[in-house]
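S.K.: What would the 3D arrangement of this be:
(chains A and B)
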Amino acid sequence: MSLNLSTKAKKTWCPGCTNFAILAAFQKAVTEMIEGGEVEKHNIATISGIGCGSKITDYLNMNTFTSLHGRELPTMTGVKAANPDLMVFGFTGDGSTYDEGVAHLVHAARRNSDINLFVHDNQLFALTTGQATPTSPKGFKGRSTPSGSIEEPMNPLLTVLSLGATFVARTDALDIENTKKIMQEAARHKGFSFVDIVQPCVTLFDTREDYKDKLYQLDGSHPTDDLAAAMKKVQERGDKIPLGVFYKVKGPTFEEQLLQ
Amino acid sequence: MKQQPHDNVLTIMSGGAAGDGVRAIGSNLVKFIIESGYEAFASVDYPSLIRGGHNFSRMTFSNEKVFNDYSQIDVLIAFNEETIQIHLEELREGALILADKFTEEEKQAFGDRAIEIPMSKYAKESGAPPIARSSVALGALCFILDLSLEKLEEMLRVVFKNKKEDINVELARLGYEYVKEKGIKHERNFEPMPDVKDTLNASDTFSLGMVKAGLDFFISYPMTPSTPILHYLAARQKELGVKVIHPESELSVINMALGVAYAGKRSAIGTAGGGFALMHEPFSFAGIGEIPLLVAVVMRQAPASGVPTYTSQADLLFTVFAGHGEFTKIVILPGDAEEAYLAGAHGLNLAWKYQIPVVSLTDKHIAESVMSGRLDTEAVGMLPEKRAENTDENYGRYQFTEDGISPMAYPGAPNTAVKVSSYEHDEKGIAIEDADMTVRMQDKRFLKVNEIKKEFSELETIKMYGDLESKKVIVFWGSTKGAVLEAAKYLDKPVKLMQIVWAQPMNVDVVTKHLRDAEVIIDVEGNHDAQMAQLIRKNTGIEITDRVLQYDARAFDPIDLASKLNELLNK
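M.R.: Got it, this is the predicted structure:
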């Protein structure tokens, strides 16, 4: 029987939405891991919350849990703690994880539960029709900040690195092949894997042109076990924006220690 | 009054600053008294600070069941000067006062009732910290109350095991010998009972009840007065086979618990009113997502931070109406440590049987008090939930059934996808927005109410006491049970006593039956708004106008309550 990872639910994303690419990357990543014998489909649990990107759980024919806005991380931690045999993924957005649920991100990073968080970072609230989030650039003109946002944006990668996250990466939603690889690498990493997905919102904040010449892949010269190097690299956010795995180290997981 | 209050009860109080060992002596004394064959109830009163302030522990004991401690004192142990001044008005005639030293005025005022015992000196000479004074006081009490020193020593060896037990036993003996030499006794006209009861606390017994029903995870963020449950289970994780997690916030607590339940493990959470307020969105999610969840809400005086270490019954309506939207829930109101045990066990089982959120609503008065009693361990066990037998690709987590209860499967079940959603959803758990399915899913969830009401014939959702023929009814719930049953010993007229154990859903037929033809109905509650009376009116249409309400953040005193009830009964 061929593997079917799609439900019959009608996809309600905008035409050309980059969430289609993230869905495709994830389905590819998981299909290869299932077919390669790394995991059985029924041992995968995918959690999302509220937001455009979080609709992904409706479209996935697998165990899913559509949680509340911002509350994905504690749910994921609970699922993994209750059944450590499960491979746990989370799809959230910059609104939910960097804004509403940022306290959970802080503690997930230092807790090191063996879960994998993928943040659809489109730098605005899309489902509520366009307001600023913590990653919107300063001066962002949204419907709640018509004169431009007056707050400095946060750097989520730097934040989680400072808190002890053991796997920190960034990928480009439009690069399905590399996103797939990073998702797989995150899944294989034992501990909290944090992946920020750079994502243009084609309807409300189309950054495709802006990102075109800025994004570049890290090469083998970046040491992934050097915290200082990783913290320096993730702060590169001007003309060039690096993609790839910035940091990856081993550490005891929450579950291992909890179940002792 | 039918009989002189305090005819066969004695009340012992220890008072001092935080750090003086007031709680230690309180818990050791009540344990000793119960193990000596008496019935007892002991409470603690302390401000929200770590050192200093005024603390007291108070225990009332008897040869018959004591449902609540009394405010009038027969023996006062004062670890500081302030204690005597604060509790002067509560001393009964002939009350003894034990202290390190008395002022000249006190000696004059109390005469030979002022008993100086060199507690600090003994403790200092033994090399123990000043807190060990409490063991000297315990030894002195042992002689004064004519109890067995051997038994006390035996108990202290267990309580202080590997914590300087020899020194504490020696200090108790010194206290005992000191008052023995002076021949100081407190008379009493009752003897111990041959049937020795257990020493119970509602936080401990609630925990044990949950464990009996198969608790896998307890998740909680500290908030007085719910913290004792967290502490009790955390200290016994391995022994009881429960994993205890203290995450970053109440929001994390409840969402983590929902994740645990989704993965098929039984989880419960504990908090106070303020913490529960933070949890409402996910609490409502447990309703629509049909995710089993037991919440222990332990009340303290609110609004907001309120009076944090003192009791209240003001969160009843808040809890009954908790969560936005409409969904099925059960709210249980245990009234003492024995009922808390049942609430822990039944609460968790019911959450899984019906796939709903269940709340056990108690308060500081029973969460931190101790009473003599016995747990009905035979009455409870782990009831299995409705499981999907063979899962395949047709499985739907929210499959329509006759009773509204869908068979459960968990991630890991082969050949299927288990999909849960906080959005309104179809049988498969995929979000929907159409009118027809929205109604069908709501109706499905409310079908469960019919099933839940069948529990009324199985479980004690209303408890009756007193004269069941009487047309005078006293209505109460939760910890107020203690003061009402104790006050009932002093009522001028025969009355029927009705304890509401389930607030939601309410056993309306039984409540109506008892209230419909009543001549007098008195509602007794620890809140300002007579919230249970409001709930009864909503459910039955019966208005209760006679009320005894107390919202000073203290538990009722039985004697004071009896006089207020008599006033209403005699009018």
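S.K.: Centroid-nearest residue for the chain?
M.R.: You didn't pick a chain, so chain A it is. By CA atoms, centre = their mean, chain A has its centre lying nearest to A:Phe118, at 1.6 Å.
S.K.: ah, no, chain B please
M.R.: With distances taken as CA atoms, centre = their mean, B:Ile366 lies nearest the centre of chain B, 3.0 Å away.
S.K.: Give me the secondary structure label for it.
M.R.: With DSSP: H, G, I helix; E, B strand; the rest coil as the basis, the three-state label of B:Ile366 is helix.
S.K.: Just give the nearest non-adjacent residue to the residue nearest to the centre of chain A, would you?
M.R.: Distances taken as CB to CB, 6 or more residues apart in numbering or on different chains put A:Val195 closest to A:Phe118, at 4.9 Å, once the chain neighbours are dropped. The C-beta positions use only the backbone N, C-alpha and C, and glycine is treated the same way.
S.K.: Just list the residues touching residue 49, thanks.
M.R.: With no chain named, the answer covers chain A. Taking CB atoms under 8 Å, 6 or more residues apart in numbering or on different chains, we find A:Gly49 in contact with A:66-72, A:92-93, A:96, A:101.
S.K.: nope, chain B please
M.R.: By CB under 8 Å, 6+ apart, the contact list for B:Leu49 reads B:Ala18.
S.K.: A:Lys248 now?
M.R.: By CB under 8 Å, 6+ apart, the residues touching A:Lys248 are A:166-168, A:185, A:189, A:224-225.
S.K.: Name the pair among those with the greatest separation in space.
M.R.: Longest distance between any two of these is 14.3 Å, between A:Glu185 and A:Asp225; criterion CB to CB.
S.K.: Spit out the contact partners of the residue nearest to the centre of chain B.
M.R.: B:202, B:334-337, B:340, B:478-479, B:482.
S.K.: That one and chain A, how far apart?
M.R.: 29 Å (CB to the nearest CB, to the nearest Å).
S.K.: Distance check, that residue against A:Leu117.
M.R.: Taken as CB to CB, to the nearest Å, the spacing of B:Ile366 relative to A:Leu117 amounts to 42 Å.
S.K.: Near the nearest residue to B:Ala114 once chain neighbours are set aside, how many other residues are there?
M.R.: Once its chain neighbours are removed from consideration, B:Ala114 has its nearest residue in B:Phe102; the separation is 4.7 Å (CB to CB, 6+ apart). When counting by other CB atoms under 10 Å in any protein chain shown, one arrives at 18 neighbours for B:Phe102.
S.K.: can you pull the contacts of B:Phe102?
M.R.: Residues in contact with B:Phe102 (CB under 8 Å, 6+ apart) are B:110, B:114, B:116.
S.K.: tell me the SS of it?
M.R.: Secondary structure state of B:Phe102, per three-state DSSP, is coil.
S.K.: Can you report phi and psi for it?
M.R.: Backbone geometry at B:Phe102, expressed as degrees, to the nearest 10, gives phi -120, psi 150.
S.K.: Check the residue in the stretch 151-260 of chain A that chain B sits nearest to and give its pLDDT.
M.R.: With distances taken as CB to the nearest CB, the stretch 151-260 of chain A approaches chain B most closely at A:Leu258, which sits 5.8 Å away. Model confidence at A:Leu258, expressed as pLDDT, equals 93.
S.K.: B:Tyr452 belongs to a strand, doesn't it?
M.R.: For residue B:452 the amino acid is Ile, not Tyr. No. Counting by three-state DSSP, B:Ile452 is located in no strand; its state is helix.
S.K.: Check the burial of the residue nearest to A:Cys17 when sequence neighbours are not counted by counting its neighbours.
M.R.: With CB to CB, 6+ apart as the criterion, A:Cys17 has its nearest non-adjacent residue at 6.2 Å, and that residue is A:Val202. Residues lying near A:Val202 (other CB under 10 Å) number 18.
S.K.: Flag every residue of the stretch 1-150 of chain B that's near chain A.
M.R.: Taking CB under 8 Å from any CB of the partner chain as the measure of proximity, the stretch 1-150 of chain B makes no contact with chain A.
S.K.: Most proximal residue of the stretch 1-150 of chain B with respect to chain A?
M.R.: Of all residues in the stretch 1-150 of chain B, the one sitting closest to chain A is B:Ser48 (24.4 Å; CB to the nearest CB).
S.K.: follow-up on the earlier one: ranking by neighbours, what's the top pick from the contacts of A:Gly49?
M.R.: Neighbour tally across the contacts of A:Gly49 (other CB under 10 Å): the maximum, 34 neighbours, falls on A:Gly93.
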